[in-house]
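S.K.: fold the stuff below for me.
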Amino acid sequence: MSQLDLSLAADVSARHISFLETGRSNPSPEMVVVLAQALDVPMRDTNELLRCAGFESHYAEPSVDDLLSGPLGDAVDTMLNHHEPFPMMVVDRLYNVIRTNHAGHQLFLLANVDLDADNGDMPVNVLRLLFDPASRDMIDGWNQVASTILRRLQRESFHRPHDQAMGELLDDLLNAPGVPADWRNHDLAALEEPMLGVNFRAGDLALSFLTTITEFNAPQNVTLDELRIESYFPLDDQTRDLCKSLLA
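M.R.: Take a look at the predicted model:
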């Protein structure tokens with residue numbers, strides 16, 4: 001954005017924006033937050049901007065366990081339970097599984113992944129599992145599904161350029177065996193669909209789902225801002241019946 005565009009978006013004079021950019025003026029903590037919001041800077045990076053300017057963080061950064069230990073956790077559990085017998089899971093910004101319902105556990109078991117197993121400090125990561133050569137045969141049309149999800153991660157990484165962990169995840173997926181080289185070239189003109197169809201196969205089982213990603217609106221802390229809820233909806237009666245059978 002030009003200084004004039006930023007000044008209009010933030011309702012701050014272009015002269016003051018110029019002084020801040022050249023170092024002739026120092027920002028107040030309120031000005032850092034205003035400019036960050038105008039530039040759509042993620043909350044985690046806004047806190048880092050404030051710390052770099054010598055101020056305290058503006059947004060709380062509670063642990064996931066603390067965040068989901070109160071009423072919000074009860075609300076999330078209610079959502080997970082009401083979505084049975086279809087899979088639903090809560091993931092963080094890196095797509096590590098935080099919580100899931102029973103149907104979600106069953107879906108992972110089809111891929112020989114036990115969410116209840118002790119994995120130490122290594123949480124189950126949905127994207128790493130998707131790009132694992134051992135589990136690709138479970139996805140019909142893997143190239144289409146994987147490329148769509150990878151494009152989403154690329155957009156999120158561009159939006160969080162200082163997120164080292166997200167950058168490392170993206171690099172690992174791009175360097176996974178069998179990933180086409182041209183997937184590194186991000187298509188900025190490609191539209192992001194609000195949902196994605198995924199077909200799973202495990203032995204004689206065939207499951208067809210429509211998946212959606214839900215984010216929390218107007219979060220006031222970093223952890224909540226980075227949580228996602230991934231929901232699976234059956235696309236046919238066979239999938240609906242199989243989900244009911246697996247849940248039983």
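S.K.: over to the nearest residue to Leu35 once chain neighbours are set aside: give its phi and psi.
M.R.: Leaving aside its sequence neighbours, Leu35 sits nearest to Ala10 (Cβ to Cβ, 6 or more residues apart in numbering; 5.6 Å). Glycine gets a C-beta too; all of them are placed from N, C-alpha and C. Torsion angles at Ala10 (phi, psi; degrees, to the nearest 10) stand at phi -100, psi -10.
S.K.: tell me the mean pLDDT over the lengthiest strand in the chain?
M.R.: Ranked by residue count under DSSP state E, the longest strand found in the chain is strand 205-215. Per-residue pLDDT values over strand 205-215 give a mean of 93.
S.K.: which neighbours in the sheet does that strand have, and how are they oriented?
M.R.: Using DSSP bridges, the strands paired with strand 205-215 in its sheet are strand 195-202 (antiparallel), strand 228-234 (antiparallel).
S.K.: just give me the longest helix of the protein.
M.R.: For the chain, the longest helix by residue count, based on DSSP state H, is helix 142-159.
S.K.: tell me, what residue is most central in the chain?
M.R.: Arg93 (3.9 Å; Cα atoms, centre = their mean).
S.K.: let me know the secondary structure of that residue.
M.R.: coil (DSSP: H, G, I helix; E, B strand; the rest coil).
S.K.: what of the one 5 residues further on?
M.R.: Counting by three-state DSSP, the backbone at Ile98 sits in strand.
S.K.: these two touch, right, it and Asp92?
M.R.: Yes - Ile98 is within contact range of Asp92, at 5.9 Å (criterion: Cβ atoms under 8 Å).
S.K.: between the two, what contacts are shared?
M.R.: Common contacts of Ile98 and Asp92 (Cβ atoms under 8 Å, 6 or more residues apart in numbering): Val64, Leu227.
S.K.: quick one, domains of the chain?
M.R.: Split into domains by automatic domain parsing, the chain comes to 3-52, 64-247.
S.K.: just the endpoints, please. Distance across the longest one?
M.R.: Distance between the boundary residues of domain 64-247 (Cα to Cα, to the nearest Å) amounts to 27 Å.
S.K.: of the strands paired with strand 205-215, which is nearest Arg44?
M.R.: Nearest to Arg44, of all the strands paired with strand 205-215, is strand 228-234, at 14.7 Å by Cβ to Cβ.
S.K.: mean confidence for the helix or strand just after that closest one?
M.R.: Going down the chain from strand 228-234, the next helix or strand is helix 237-247, by DSSP states H and E. For helix 237-247, mean pLDDT rounds to 91.
S.K.: circling back to that earlier point, by mean pLDDT, show me the worst of the domains of the chain.
M.R.: Averaging pLDDT over each of these puts domain 64-247 lowest, since it has a mean of 90.
S.K.: which residues are in contact with the strand or helix carrying Glu168?
M.R.: For Glu168, the host element (DSSP H and E) is helix 164-174. The contact list for helix 164-174 (Cβ under 8 Å, 6+ apart) reads 93-95, 125, 127-128, 131, 150, 153-154, 156-157, 160, 179, 183-184.
S.K.: what do you get for stretch 48-60?
M.R.: So stretch 48-60 is contacted by 26-27, 29, 32-33, 36, 41, 43-44, 46-47, 162, 220-223, 225 (Cβ under 8 Å, 6+ apart).
S.K.: returning to that earlier point: next, the buried residues of the helix holding Glu168.
M.R.: Met166, Leu169, Leu170, Leu173, Leu174 (16 or more other Cβ atoms under 10 Å).
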